[in-house]
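[1] I need the structure of the sequence given here:
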Amino acid sequence: MGTWIVTGGAGFIGSNFVRRAAAAAPGTRLVVFDKLTYAGHIESLDGVLDGDRVRFVHGDIADRDQVRALFAEARPSAVLNFAAESHVDRSIDGPGEFVRTNITGTFELLEASLAHLLAVSADERAGFRFLHVSTDEVYGSLGPEGAFTETTPYAPNSPYSASKAAADHLVRAYHETYGLPTLLTNCSNNYGPYQYPEKLVPLMLMNALDGKPLPIYGDGLNRRDWLHVVDHCDAILRVMEAGVPGEKYNVGGRAERTNLQMVDALCDALEQALPAAANPALQARGLSRYHDLRTFVADRPGHDRRYAIDPSKIAGELGFTPAHTFEQGIAETVAWYLANRDWCAAVTSGTYERQRLGLHGVPR
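    Modelled structure (predicted):
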(Lines give C-alpha, C1' and ligand atoms only; values in the text may rest on other atoms or scores of the structure.)
Protein backbone atom coordinates (compact mmCIF):
# COMPACT_ATOMS: atom_id res chain seq x y z
CA MET A 1 0.00 0.00 0.00
CA GLY A 2 1.61 3.26 -1.15
CA THR A 3 1.30 6.61 0.60
CA TRP A 4 0.55 9.86 -1.21
CA ILE A 5 1.20 13.21 0.45
CA VAL A 6 -1.44 15.64 -0.82
CA THR A 7 -0.38 19.19 -0.01
CA GLY A 8 -3.13 21.80 0.05
CA GLY A 9 -5.62 18.96 0.40
CA ALA A 10 -8.06 21.06 2.42
CA GLY A 11 -8.37 23.66 -0.33
CA PHE A 12 -10.71 23.76 -3.31
CA ILE A 13 -9.04 21.48 -5.86
CA GLY A 14 -7.11 19.53 -3.22
CA SER A 15 -10.17 18.52 -1.20
CA ASN A 16 -12.01 17.43 -4.32
CA PHE A 17 -8.96 15.40 -5.31
CA VAL A 18 -8.79 13.70 -1.91
CA ARG A 19 -12.41 12.64 -2.32
CA ARG A 20 -11.83 11.27 -5.82
CA ALA A 21 -8.58 9.53 -4.90
CA ALA A 22 -10.07 7.95 -1.78
CA ALA A 23 -12.71 6.33 -4.00
CA ALA A 24 -10.56 5.58 -7.06
CA ALA A 25 -7.40 4.36 -5.31
CA PRO A 26 -8.59 2.34 -2.31
CA GLY A 27 -5.18 0.70 -1.92
CA THR A 28 -3.43 4.02 -1.34
CA ARG A 29 -2.98 5.92 1.92
CA LEU A 30 -3.56 9.67 1.67
CA VAL A 31 -1.87 12.15 3.99
CA VAL A 32 -3.40 15.61 3.65
CA PHE A 33 -0.88 18.32 4.56
CA ASP A 34 -2.41 21.79 4.78
CA LYS A 35 -1.68 25.09 6.52
CA LEU A 36 -5.42 25.88 6.79
CA THR A 37 -5.13 29.44 5.54
CA TYR A 38 -8.27 31.49 4.90
CA ALA A 39 -9.01 29.31 1.83
CA GLY A 40 -8.19 25.91 3.35
CA HIS A 41 -10.77 24.39 5.68
CA ILE A 42 -11.02 21.08 7.45
CA GLU A 43 -14.78 21.27 6.80
CA SER A 44 -14.02 20.58 3.14
CA LEU A 45 -12.85 17.10 4.16
CA ASP A 46 -15.94 16.18 6.17
CA GLY A 47 -16.84 12.56 5.60
CA VAL A 48 -13.60 11.61 3.84
CA LEU A 49 -11.01 11.55 6.66
CA ASP A 50 -10.68 7.91 7.65
CA GLY A 51 -8.21 7.08 10.40
CA ASP A 52 -4.86 5.97 9.04
CA ARG A 53 -5.98 5.61 5.42
CA VAL A 54 -6.99 9.27 4.87
CA ARG A 55 -5.60 11.50 7.57
CA PHE A 56 -4.84 15.15 8.10
CA VAL A 57 -1.59 16.80 9.19
CA HIS A 58 -1.53 20.53 9.89
CA GLY A 59 1.56 22.16 8.42
CA ASP A 60 3.21 24.64 6.08
CA ILE A 61 5.03 23.51 2.93
CA ALA A 62 7.46 26.44 3.28
CA ASP A 63 8.55 25.26 6.74
CA ARG A 64 11.54 22.98 6.20
CA ASP A 65 11.40 21.27 9.58
CA GLN A 66 7.69 20.47 9.24
CA VAL A 67 8.13 19.13 5.71
CA ARG A 68 11.11 16.93 6.61
CA ALA A 69 9.26 15.54 9.64
CA LEU A 70 6.27 14.73 7.43
CA PHE A 71 8.43 12.86 4.91
CA ALA A 72 10.22 10.92 7.64
CA GLU A 73 6.94 9.79 9.14
CA ALA A 74 4.90 9.17 5.97
CA ARG A 75 7.65 7.70 3.72
CA PRO A 76 5.63 8.71 0.64
CA SER A 77 5.49 6.92 -2.68
CA ALA A 78 4.21 10.15 -4.25
CA VAL A 79 3.78 13.85 -3.53
CA LEU A 80 0.96 15.80 -5.16
CA ASN A 81 1.39 19.53 -4.67
CA PHE A 82 -1.92 21.41 -4.71
CA ALA A 83 -0.80 23.90 -2.04
CA ALA A 84 -0.75 27.46 -3.37
CA GLU A 85 -1.83 30.99 -2.81
CA SER A 86 -4.06 31.28 -5.85
CA HIS A 87 -6.15 34.47 -6.03
CA VAL A 88 -4.80 37.06 -8.48
CA ASP A 89 -6.43 39.96 -6.64
CA ARG A 90 -4.77 38.97 -3.37
CA SER A 91 -1.41 38.66 -5.13
CA ILE A 92 -1.74 42.30 -6.21
CA ASP A 93 -2.37 43.41 -2.63
CA GLY A 94 0.29 41.18 -1.03
CA PRO A 95 2.69 39.29 -3.32
CA GLY A 96 5.01 38.21 -0.49
CA GLU A 97 2.85 35.29 0.63
CA PHE A 98 2.66 34.08 -2.95
CA VAL A 99 6.44 34.04 -3.25
CA ARG A 100 6.78 32.22 0.08
CA THR A 101 4.18 29.53 -0.50
CA ASN A 102 4.30 29.02 -4.24
CA ILE A 103 8.05 29.28 -4.77
CA THR A 104 9.74 28.56 -1.44
CA GLY A 105 7.14 25.95 -0.54
CA THR A 106 7.62 24.09 -3.81
CA PHE A 107 11.39 24.26 -3.35
CA GLU A 108 11.14 22.70 0.13
CA LEU A 109 8.97 19.88 -1.20
CA LEU A 110 11.42 19.20 -4.03
CA GLU A 111 14.38 19.19 -1.64
CA ALA A 112 12.60 16.88 0.77
CA SER A 113 11.71 14.54 -2.09
CA LEU A 114 15.33 14.31 -3.18
CA ALA A 115 16.49 13.59 0.35
CA HIS A 116 13.75 10.99 0.74
CA LEU A 117 14.79 9.14 -2.42
CA LEU A 118 18.35 8.80 -1.16
CA ALA A 119 17.06 6.80 1.80
CA VAL A 120 14.76 4.31 0.03
CA SER A 121 15.29 1.24 -2.12
CA ALA A 122 15.85 1.28 -5.88
CA ASP A 123 12.32 -0.05 -6.46
CA GLU A 124 10.84 2.70 -4.31
CA ARG A 125 12.86 5.32 -6.17
CA ALA A 126 11.63 3.99 -9.50
CA GLY A 127 7.99 4.17 -8.44
CA PHE A 128 8.12 7.60 -6.78
CA ARG A 129 6.32 10.53 -8.42
CA PHE A 130 6.24 14.28 -7.70
CA LEU A 131 3.19 15.83 -9.34
CA HIS A 132 2.97 19.61 -9.33
CA VAL A 133 -0.42 21.19 -10.06
CA SER A 134 -0.14 24.48 -11.92
CA THR A 135 -2.20 26.89 -13.99
CA ASP A 136 -2.64 28.13 -17.55
CA GLU A 137 -2.00 31.65 -16.26
CA VAL A 138 1.76 31.04 -16.47
CA TYR A 139 1.47 31.37 -20.25
CA GLY A 140 0.17 34.94 -20.12
CA SER A 141 -2.54 36.38 -22.33
CA LEU A 142 -3.63 35.00 -25.70
CA GLY A 143 -4.79 36.94 -28.72
CA PRO A 144 -8.20 36.27 -30.29
CA GLU A 145 -7.05 32.98 -31.84
CA GLY A 146 -5.08 29.92 -30.77
CA ALA A 147 -4.66 28.02 -27.51
CA PHE A 148 -1.94 27.21 -25.00
CA THR A 149 0.05 24.04 -25.64
CA GLU A 150 2.70 22.41 -23.50
CA THR A 151 5.38 24.24 -25.52
CA THR A 152 3.88 27.74 -25.27
CA PRO A 153 6.50 30.13 -23.81
CA TYR A 154 5.83 31.40 -20.31
CA ALA A 155 4.80 35.06 -19.98
CA PRO A 156 3.13 35.56 -16.57
CA ASN A 157 1.55 38.96 -15.94
CA SER A 158 0.49 38.90 -12.28
CA PRO A 159 2.43 38.20 -9.07
CA TYR A 160 0.34 35.03 -8.71
CA SER A 161 1.12 33.67 -12.18
CA ALA A 162 4.77 34.70 -11.87
CA SER A 163 5.10 32.72 -8.63
CA LYS A 164 3.48 29.68 -10.23
CA ALA A 165 5.74 30.00 -13.27
CA ALA A 166 8.80 30.05 -11.01
CA ALA A 167 7.58 26.91 -9.27
CA ASP A 168 7.01 25.17 -12.61
CA HIS A 169 10.57 25.98 -13.65
CA LEU A 170 11.92 24.57 -10.39
CA VAL A 171 9.98 21.34 -10.90
CA ARG A 172 11.35 20.98 -14.44
CA ALA A 173 14.89 21.79 -13.29
CA TYR A 174 14.78 19.16 -10.54
CA HIS A 175 13.89 16.56 -13.14
CA GLU A 176 16.53 17.66 -15.63
CA THR A 177 19.31 18.20 -13.07
CA TYR A 178 18.66 15.62 -10.37
CA GLY A 179 16.51 13.07 -12.17
CA LEU A 180 13.55 13.57 -9.82
CA PRO A 181 10.56 11.82 -11.44
CA THR A 182 8.29 14.85 -11.77
CA LEU A 183 4.95 15.37 -13.48
CA LEU A 184 3.53 18.82 -14.22
CA THR A 185 -0.08 19.74 -15.02
CA ASN A 186 -1.37 23.14 -16.12
CA CYS A 187 -5.12 23.51 -15.88
CA SER A 188 -7.70 26.04 -17.00
CA ASN A 189 -10.16 27.79 -14.66
CA ASN A 190 -11.78 25.30 -12.29
CA TYR A 191 -15.30 25.51 -10.87
CA GLY A 192 -17.35 23.23 -8.65
CA PRO A 193 -17.90 22.29 -4.98
CA TYR A 194 -15.83 23.61 -2.07
CA GLN A 195 -14.45 26.68 -3.87
CA TYR A 196 -13.77 29.60 -1.54
CA PRO A 197 -16.29 32.37 -2.31
CA GLU A 198 -13.72 34.95 -3.40
CA LYS A 199 -13.54 33.36 -6.87
CA LEU A 200 -15.95 34.29 -9.66
CA VAL A 201 -18.37 31.35 -9.62
CA PRO A 202 -19.12 31.02 -5.88
CA LEU A 203 -18.94 34.81 -5.39
CA MET A 204 -21.58 35.40 -8.07
CA LEU A 205 -23.81 32.64 -6.68
CA MET A 206 -23.58 33.85 -3.07
CA ASN A 207 -24.16 37.47 -4.05
CA ALA A 208 -27.10 36.57 -6.30
CA LEU A 209 -28.75 34.55 -3.55
CA ASP A 210 -28.40 37.52 -1.19
CA GLY A 211 -29.57 40.07 -3.75
CA LYS A 212 -26.15 41.77 -3.84
CA PRO A 213 -24.42 43.22 -6.95
CA LEU A 214 -22.61 40.84 -9.28
CA PRO A 215 -19.33 42.70 -9.98
CA ILE A 216 -17.97 42.19 -13.50
CA TYR A 217 -14.47 43.53 -14.19
CA GLY A 218 -14.01 45.93 -17.10
CA ASP A 219 -16.20 45.15 -20.11
CA GLY A 220 -16.73 41.52 -19.05
CA LEU A 221 -15.20 40.21 -22.27
CA ASN A 222 -12.09 38.61 -20.75
CA ARG A 223 -12.25 34.96 -21.81
CA ARG A 224 -11.40 31.82 -19.86
CA ASP A 225 -11.56 28.09 -20.52
CA TRP A 226 -13.67 26.44 -17.80
CA LEU A 227 -13.11 22.97 -16.33
CA HIS A 228 -15.19 21.17 -13.72
CA VAL A 229 -13.00 20.40 -10.73
CA VAL A 230 -13.96 16.71 -10.69
CA ASP A 231 -12.79 16.37 -14.30
CA HIS A 232 -9.52 18.06 -13.31
CA CYS A 233 -9.06 15.62 -10.43
CA ASP A 234 -9.74 12.65 -12.71
CA ALA A 235 -7.14 14.01 -15.14
CA ILE A 236 -4.57 14.16 -12.33
CA LEU A 237 -5.35 10.58 -11.35
CA ARG A 238 -4.80 9.58 -14.97
CA VAL A 239 -1.46 11.43 -15.08
CA MET A 240 -0.43 9.67 -11.87
CA GLU A 241 -1.34 6.36 -13.46
CA ALA A 242 0.25 6.75 -16.88
CA GLY A 243 2.08 10.07 -17.15
CA VAL A 244 5.72 10.02 -18.26
CA PRO A 245 8.18 11.46 -15.70
CA GLY A 246 9.56 14.79 -16.85
CA GLU A 247 6.51 15.54 -19.00
CA LYS A 248 3.83 18.21 -18.57
CA TYR A 249 0.17 17.96 -19.50
CA ASN A 250 -2.32 20.77 -20.15
CA VAL A 251 -5.80 20.04 -18.77
CA GLY A 252 -8.71 22.02 -20.19
CA GLY A 253 -12.45 21.78 -20.54
CA ARG A 254 -12.90 23.04 -24.11
CA ALA A 255 -15.49 25.41 -22.62
CA GLU A 256 -14.30 28.90 -23.45
CA ARG A 257 -16.58 31.68 -22.17
CA THR A 258 -16.29 35.38 -21.49
CA ASN A 259 -16.72 36.41 -17.87
CA LEU A 260 -20.03 38.00 -18.88
CA GLN A 261 -21.19 34.76 -20.48
CA MET A 262 -20.22 32.86 -17.34
CA VAL A 263 -22.19 35.24 -15.11
CA ASP A 264 -25.19 34.94 -17.43
CA ALA A 265 -24.95 31.15 -17.39
CA LEU A 266 -24.90 31.17 -13.58
CA CYS A 267 -27.92 33.46 -13.48
CA ASP A 268 -29.80 31.21 -15.90
CA ALA A 269 -28.97 28.08 -13.92
CA LEU A 270 -29.89 29.77 -10.65
CA GLU A 271 -33.21 30.85 -12.14
CA GLN A 272 -33.96 27.19 -12.88
CA ALA A 273 -32.99 26.03 -9.41
CA LEU A 274 -34.40 28.94 -7.37
CA PRO A 275 -36.48 31.40 -9.40
CA ALA A 276 -35.86 35.06 -8.62
CA ALA A 277 -39.58 35.47 -7.96
CA ALA A 278 -39.22 33.05 -5.03
CA ASN A 279 -36.10 34.73 -3.60
CA PRO A 280 -37.00 37.21 -0.82
CA ALA A 281 -33.70 39.05 -1.25
CA LEU A 282 -34.59 40.02 -4.82
CA GLN A 283 -38.19 40.75 -3.94
CA ALA A 284 -36.98 43.20 -1.29
CA ARG A 285 -35.05 45.06 -3.99
CA GLY A 286 -37.93 45.00 -6.45
CA LEU A 287 -35.98 42.87 -8.95
CA SER A 288 -37.44 40.10 -11.05
CA ARG A 289 -34.24 38.65 -12.57
CA TYR A 290 -30.83 37.66 -11.25
CA HIS A 291 -29.37 39.28 -14.37
CA ASP A 292 -30.48 42.67 -13.02
CA LEU A 293 -27.79 42.37 -10.33
CA ARG A 294 -24.94 42.54 -12.87
CA THR A 295 -22.67 45.52 -12.16
CA PHE A 296 -19.63 46.56 -14.20
CA VAL A 297 -16.68 47.71 -12.08
CA ALA A 298 -13.14 48.97 -12.68
CA ASP A 299 -10.96 46.33 -14.31
CA ARG A 300 -8.22 44.43 -12.50
CA PRO A 301 -4.66 45.77 -13.04
CA GLY A 302 -2.86 43.68 -15.65
CA HIS A 303 -5.99 41.65 -16.38
CA ASP A 304 -5.14 38.96 -18.98
CA ARG A 305 -7.57 39.13 -21.87
CA ARG A 306 -7.89 35.51 -22.91
CA TYR A 307 -6.83 32.01 -21.88
CA ALA A 308 -7.58 28.83 -23.80
CA ILE A 309 -6.11 25.34 -23.31
CA ASP A 310 -5.30 22.85 -26.02
CA PRO A 311 -5.72 19.48 -24.22
CA SER A 312 -4.71 17.37 -27.23
CA LYS A 313 -1.66 15.86 -25.51
CA ILE A 314 -3.46 14.44 -22.47
CA ALA A 315 -6.30 13.24 -24.72
CA GLY A 316 -4.02 11.63 -27.30
CA GLU A 317 -1.32 10.18 -25.04
CA LEU A 318 -3.29 9.33 -21.90
CA GLY A 319 -6.83 8.99 -23.28
CA PHE A 320 -8.34 11.59 -20.97
CA THR A 321 -11.32 13.80 -21.85
CA PRO A 322 -13.62 15.63 -19.40
CA ALA A 323 -16.89 13.91 -18.51
CA HIS A 324 -18.89 17.08 -17.73
CA THR A 325 -20.45 19.32 -20.34
CA PHE A 326 -20.36 22.99 -19.43
CA GLU A 327 -24.14 23.12 -18.92
CA GLN A 328 -24.17 19.98 -16.76
CA GLY A 329 -21.26 21.20 -14.66
CA ILE A 330 -22.82 24.61 -14.03
CA ALA A 331 -26.17 23.07 -13.05
CA GLU A 332 -24.44 20.68 -10.60
CA THR A 333 -22.37 23.51 -9.14
CA VAL A 334 -25.39 25.74 -8.57
CA ALA A 335 -27.22 22.86 -6.89
CA TRP A 336 -24.24 22.21 -4.59
CA TYR A 337 -23.95 25.80 -3.41
CA LEU A 338 -27.69 26.03 -2.82
CA ALA A 339 -27.48 22.89 -0.68
CA ASN A 340 -24.35 24.01 1.17
CA ARG A 341 -24.87 27.65 2.10
CA ASP A 342 -23.89 26.78 5.67
CA TRP A 343 -20.45 25.71 4.42
CA CYS A 344 -20.00 29.02 2.64
CA ALA A 345 -21.01 30.95 5.74
CA ALA A 346 -18.71 28.88 7.96
CA VAL A 347 -15.57 29.25 5.83
CA THR A 348 -15.96 33.00 5.32
CA SER A 349 -17.18 33.99 8.79
CA GLY A 350 -15.03 36.77 10.21
CA THR A 351 -12.45 36.58 7.42
CA TYR A 352 -14.07 37.67 4.16
CA GLU A 353 -17.17 39.72 3.45
CA ARG A 354 -16.98 39.42 -0.36
CA GLN A 355 -15.28 42.81 -0.64
CA ARG A 356 -13.31 43.83 -3.72
CA LEU A 357 -9.60 42.98 -3.52
CA GLY A 358 -6.62 43.80 -5.72
CA LEU A 359 -7.41 47.48 -6.21
CA HIS A 360 -3.83 48.72 -6.13
CA GLY A 361 -3.69 51.68 -8.49
CA VAL A 362 -7.35 51.32 -9.53
CA PRO A 363 -9.93 53.96 -8.52
CA ARG A 364 -12.33 52.62 -5.92
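
[2] got the residue ranges for the strands in the stretch 151-300 of the chain?
    Along the stretch 151-300 of the chain, counting by DSSP state E, counting those that start in this stretch, strands occupy 182-187, 189-191, 214-217, 223-228, 248-251, 256-258, 294-297.

[3] Can you add distance to Asp310 and mean pLDDT and give the ones you listed back as JSON lines?
    Just so you know, the C-beta spots here come from the backbone N, C-alpha and C atoms, and that holds for glycine as well. Below are those laid out as JSON lines (distance: least, CB to CB, whole Å; pLDDT from 0 to 100):
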{"stretch": "strand 182-187", "distance to Asp310": "11", "mean pLDDT": "98"}
{"stretch": "strand 189-191", "distance to Asp310": "15", "mean pLDDT": "98"}
{"stretch": "strand 214-217", "distance to Asp310": "25", "mean pLDDT": "96"}
{"stretch": "strand 223-228", "distance to Asp310": "10", "mean pLDDT": "98"}
{"stretch": "strand 248-251", "distance to Asp310": "6", "mean pLDDT": "98"}
{"stretch": "strand 256-258", "distance to Asp310": "11", "mean pLDDT": "98"}
{"stretch": "strand 294-297", "distance to Asp310": "31", "mean pLDDT": "97"}
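
[4] Could I get the ones you listed in TSV, plus columns for distance to Gln283 and mean neighbour count?
    Shown next, in TSV, are the strands of the stretch 151-300 of the chain (distance: least, CB to CB, whole Å; neighbours: other CB atoms under 10 Å):
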stretch	distance to Gln283	mean neighbour count
strand 182-187	39	24
strand 189-191	28	24
strand 214-217	17	20
strand 223-228	31	24
strand 248-251	42	25
strand 256-258	29	18
strand 294-297	18	15
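
[5] Out of these, which is closest to Thr321?
    Thr321 lies closest to strand 248-251 among those, at 10.4 Å (CB to CB).

[6] Serialize the strands of the stretch 151-300 of the chain to CSV and add fields for distance to Pro26.
    Output for the strands of the stretch 151-300 of the chain, formatted as CSV (distance: least, CB to CB, whole Å):
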stretch, distance to Pro26
strand 182-187, 22
strand 189-191, 25
strand 214-217, 42
strand 223-228, 23
strand 248-251, 24
strand 256-258, 36
strand 294-297, 45
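
[7] Now for the nearest residue to Ala265 once chain neighbours are set aside: which residues touch it?
    Excluding the flanking residues, the one nearest Ala265 by CB to CB, 6 or more residues apart in numbering is Ile330, at 5.4 Å. Contact partners of Ile330, counting by CB atoms under 8 Å, 6 or more residues apart in numbering, are Tyr191, Ala265, Leu266, Ala269.

[8] got it, and Val54?
    Val54 neighbours (CB under 8 Å, 6+ apart): Val18, Ala22, Arg29, Leu30, Val32, Val48.

[9] Backbone torsions only: list them for it.
    With angles defined as degrees, to the nearest 10, Val54 sits at phi -130, psi 100.

[10] Quickly list what it is bridged to.
    Val54 has the following beta-bridge partners by DSSP bridges: Leu30, Asp50.

[11] if I look at it, how far off is Ala23?
    Remark: distance between Val54 and Ala23 (CB to CB, to the nearest Å) = 11 Å.

[12] circling back to that earlier point, quick one: which of the contacts of Val54 has the most company?
    Val32 (28 neighbours; other CB atoms under 10 Å).

[13] Ignoring the adjacent residues along the chain, who's closest to that one?
    Residue nearest to Val32 in three dimensions, not counting chain neighbours: Gly9, with 3.4 Å by CB to CB, 6+ apart.

[14] okay, now that neighbour: neighbour count?
    Gly9 has 30 neighbouring residues, counting by other CB under 10 Å.

[15] how close does it sit to Ser158?
    From Gly9 to Ser158 the distance is 25 Å (CB to CB).

[16] Then Tyr337?
    Distance check for Tyr337 against Ser158: by CB to CB, it reads 26 Å.

[17] can you tell me how far the spatially closest residue to Val57 that is not a sequence neighbour sits from Leu287?
    Nearest non-adjacent residue to Val57, counting by CB to CB, 6+ apart: Phe33, 5.0 Å away. According to CB to CB, Phe33 stands 45 Å off from Leu287.

[18] more crowded one of these two?
    Phe33 (28 against 16).
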